[in-house]
Structure formats: C-alpha cells, structure tokens
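Trainee: What would the 3D arrangement of this be:
(2 chains)
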Amino acid sequence: MTTEELKRLKSDTIVDARGTACPGPLLAAKKGIGEINSGEIMEIYSSDEGTKNDIPKWCQKMTHEFLGIVEEDSYSRLFLRKA
Amino acid sequence: MTTEIEAQVKELQLKMNKMEAGTKDQLSMVVFSGELDKILAAMIIATGAAAYDMKVKLFFTFWATASLRDPNKKIKGKNLMEKMFGMMLPKGTGKVKLSKMNMCGMGTSMIKGIMKKHKVASLEEMFRTAGEIGVEISICEMSMNLMGFKKEEMIDYPGMTICGVATFLSDAQESKIQLFI
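Mentor: Below you'll find the model as predicted:
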C-alpha cells in the first residue's frame, strides 16, 4: 500500500508502543492482535527503529498481512491486517 | 508372534519419536550465567519468542538460580555453608551485576540508569512480562542443592518447577531452537 492509502486507512485498533525498547513493541503487538478479529486492521506506534524490521518478520511468521509504514516526526505507524 | 509385533511397534514408536525431534515450535534455553547483561539477553529472547507464539521453556541452572531468589523471603534451617553461599550470591534480580565493567557496582548502576533512559525494561519487569506471556521456568534441582537454595525462598513465578537434566533434554530435543546463555 502507498503512504497515502495507509493514511486513509481506518484501523480497528491502535497499539501505542512508543517509548518502549525491544521487545516492548513486539509484546504490545502480540497483546493487541488478540483483541481484534481476523481481517481487521491493527496499527502500531513505535519509536524503536528495530520495530520496522521486526514487525514485518513477525507478520510473516504469524501469517498476518503487513500493509506498510507511515513515518511521523518522532515515531512510525505500522499497519497490518490480522490473518 | 504377538511379541514380535509388539517389538516392531516399539521400534516404530522409537523411530517416530526421533522423527518428531526438533519439530515443535518451541524454544528451550539453559540460563546458566548469573550476570545482569546475560540474564537480560536471555529474557529478551524468551519474551520475544513467546510473542512469536513459540512455546518457551527456560531451564535455570548454576549461577542463574541466584537471580530467582526473592529478597523479601527469609528462611531458616540452613547450615553454615549454605548460609555463606546465600550471603555471597546476589539475592534476586535487583542484586545481579554486569559481567564486564562492573567496577565495584558503579558500572552496573550506570547501565541501569542508561537502560531506564532508553526505556529498556528492568529484569524485574522482564520476569513479570515473561510470567504473563506464558514463558515457563524450571530450576535445576542440583544447583539449588549445591548452593543451598530452598524452593520457599524463590520468587513467585507462575508454574515454576524444580527439575533435573532429563526435563531439559526432553524439552530441548523437541524444540526447534536450543540456546545456552
């Protein structure tokens, strides 16, 4: 998805993991994904650089669809659709 | 005839067990070291793997067992040697030191400050998270005996068990990942 498309996307849940270091965002994602249904969209806020590599890998393993990243000033927004 | 078939079934079962080895989505880890940095690494990998939906089994042995002591629990009935070990070894995660650059504790308190600044979870928090996310911990009985630690002085961790090397081996054999830290 392009950045514009992602920005228009409406997330079903937002997990704010800003200010946590590895493995904080991953643990937050794991917790958040349990609260939504298959096909719904989750958005993760993270200020940890490594998360941008970690979450796509995690999605691949868990068969969730990784949709993309929107960069904000001091953090990233990562989008995924639950499998 | 039946004994022959029984023997064949047994042989097949053994073969099946071997074929199933290393196929479980499971991480088995020996946590041997008793230092802050090494236990932190072990706990980050453990909780990360749990977030990956892996079953995680930690086997605490030797120096690492000291970190599982609860500083608020006191027990009686130890002999002199056990008391000495108890005093010399760190009592709980709050007292463990860095493996390098400890500098009489200065390095350890410095790294704790830096960890806080970078929002890295403390060992106490890591253990709490691990418990919540279902990381299993078992402690080596022999190490407990050697150092004179009793089950009653260990932290309250959900489902923590005391076990021997066979438990680790059977867990490790069926795990995709095995680590020693």
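
Trainee: Name the single longest helix found in chain B.
Mentor: Assignment by DSSP state H gives helix B:2-20 as the longest helix of chain B.

Trainee: Just the CA trace of the lengthiest strand in chain B, in PDB.
Mentor: Across chain B, the longest stretch assigned as strand under DSSP state E is strand B:24-31. Below are the C-alpha coordinates for strand B:24-31, written out as PDB (Å, rounded to 0.1, in the frame of the first residue of the first chain):
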ATOM      1  CA  LYS B  24       7.900 -28.300  17.800                       C
ATOM      2  CA  ASP B  25       7.600 -24.500  17.600                       C
ATOM      3  CA  GLN B  26       9.400 -24.300  20.800                       C
ATOM      4  CA  LEU B  27      12.500 -22.600  22.300                       C
ATOM      5  CA  SER B  28      14.500 -24.400  25.100                       C
ATOM      6  CA  MET B  29      17.100 -22.300  26.800                       C
ATOM      7  CA  VAL B  30      19.600 -23.100  29.500                       C
ATOM      8  CA  VAL B  31      20.100 -19.900  31.600                       C
END
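
Trainee: For that strand, what is the distance to the chain centroid?
Mentor: Taking C-alpha atoms, centre = their mean, to the nearest Å, one finds the center of strand B:24-31 at 10 Å from the center of the full chain.

Trainee: Touching it from outside, list them.
Mentor: Here strand B:24-31 makes contact (C-beta atoms under 8 Å, 6 or more residues apart in numbering or on different chains) with B:38-39, B:42, B:45-46, B:49, B:53-61, B:64, B:168, B:171-172, B:174-181. No exception for glycine: its C-beta is placed from N, CA and C like everyone else's.

Trainee: can the next helix-or-strand element following that strand be found next to chain A?
Mentor: With elements assigned by DSSP states H and E, the helix or strand that comes after strand B:24-31 is helix B:36-51. Yes - residues of helix B:36-51 contacting chain A under C-beta under 8 Å from any C-beta of the partner chain: B:44, B:47, B:48, B:50, B:51.

Trainee: chain center to helix B:36-51, what's the gap?
Mentor: 10 Å.

Trainee: mind checking pLDDT for the residue nearest the centre of chain B?
Mentor: Taking C-alpha atoms, centre = their mean, the centroid of chain B lies closest to residue B:60, which sits 3.0 Å from it. pLDDT, the model's per-residue confidence, is 97 for residue B:60.

Trainee: Is it in contact with residue B:68, as I believe?
Mentor: Yes - Residue B:60 sits in contact with residue B:68 when judged by C-beta atoms under 8 Å, with a separation of 5.9 Å.

Trainee: Could you name every residue contacting both of those two?
Mentor: Listed as contacting both residue B:60 and residue B:68 by C-beta under 8 Å, 6+ apart are B:137, B:139.

Trainee: Identify the residues contacting the residue nearest to the centre of chain B.
Mentor: B:31, B:67, B:68, B:137, B:138, B:139, B:140, B:143.

Trainee: Output those as JSON lines; include the columns pLDDT.
Mentor: Listed next are the contacts of residue B:60 as JSON lines, based on pLDDT from 0 to 100:
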{"residue": "B:31", "pLDDT": "97"}
{"residue": "B:67", "pLDDT": "95"}
{"residue": "B:68", "pLDDT": "96"}
{"residue": "B:137", "pLDDT": "97"}
{"residue": "B:138", "pLDDT": "95"}
{"residue": "B:139", "pLDDT": "95"}
{"residue": "B:140", "pLDDT": "93"}
{"residue": "B:143", "pLDDT": "93"}
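
Trainee: I am finished for the moment; much appreciated.
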